[in-house]
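Asks: generate coordinates for the sequence data below:
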Amino acid sequence: MIGATDLFGMYLPWLMPLAALTLLLMWLVRRVLAAFGAYRWIWHPALFDMALYVLMLYGLSCATALLPHAPVNAI
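Replies: Sure thing, here's the model as predicted:
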C-alpha cells in the first residue's frame with residue numbers, strides 16, 4: 001500500500017491524518033482571525049474558510065512530501 005499510514009493496526013490514507021491536523025490548525029486560525037476582527041472585511045466567510053482550509057491542506061501535503069516516509073510492510 002503506497003501512501004498509507006498504520007494507526008493501531010488500521011491502514012489510513014496519508015491524506016486523512018493531514019486533513020485532521022489541518023482541521024485543528026484551521027480552528028486556531030479562525031479564532032485568531034475572529035479575535036482581530038478580520039471577518040468584518042471578508043465578503044463570504046464560509047467560502048473564505050473553505051479556501052483557506054484547502055490551501056493549508058495543500059501546504060501541509062507539500063511539506064510532508066519532502067519528508068522521508070517509512071515503508072509499509074505488505075503482508
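Asks: list the contacts for the residue nearest the centre of the chain?
Replies: Closest to where the C-alpha atoms of the chain average out (C-alpha atoms, centre = their mean) is residue 22, at 2.7 Å. For residue 22, the contacting residues are 53, 56-57, 60, by C-beta atoms under 8 Å, 6 or more residues apart in numbering. Backbone N, C-alpha and C define where each C-beta goes, glycine included.
Asks: give me the nearest residue to it, chain neighbours excluded.
Replies: residue 57 (4.5 Å; C-beta to C-beta, 6 or more residues apart in numbering).
Asks: quick one: residues contacting the one you found.
Replies: 15, 18-19, 22.
Asks: residue 44: which of those residues is nearest?
Replies: If you rank the contacts of residue 57 by distance to residue 44 using C-beta to C-beta, residue 22 comes first, at 20.2 Å.
Asks: secondary structure element for that closest one?
Replies: Assigning secondary structure by DSSP states H and E places residue 22 in helix 15-36.
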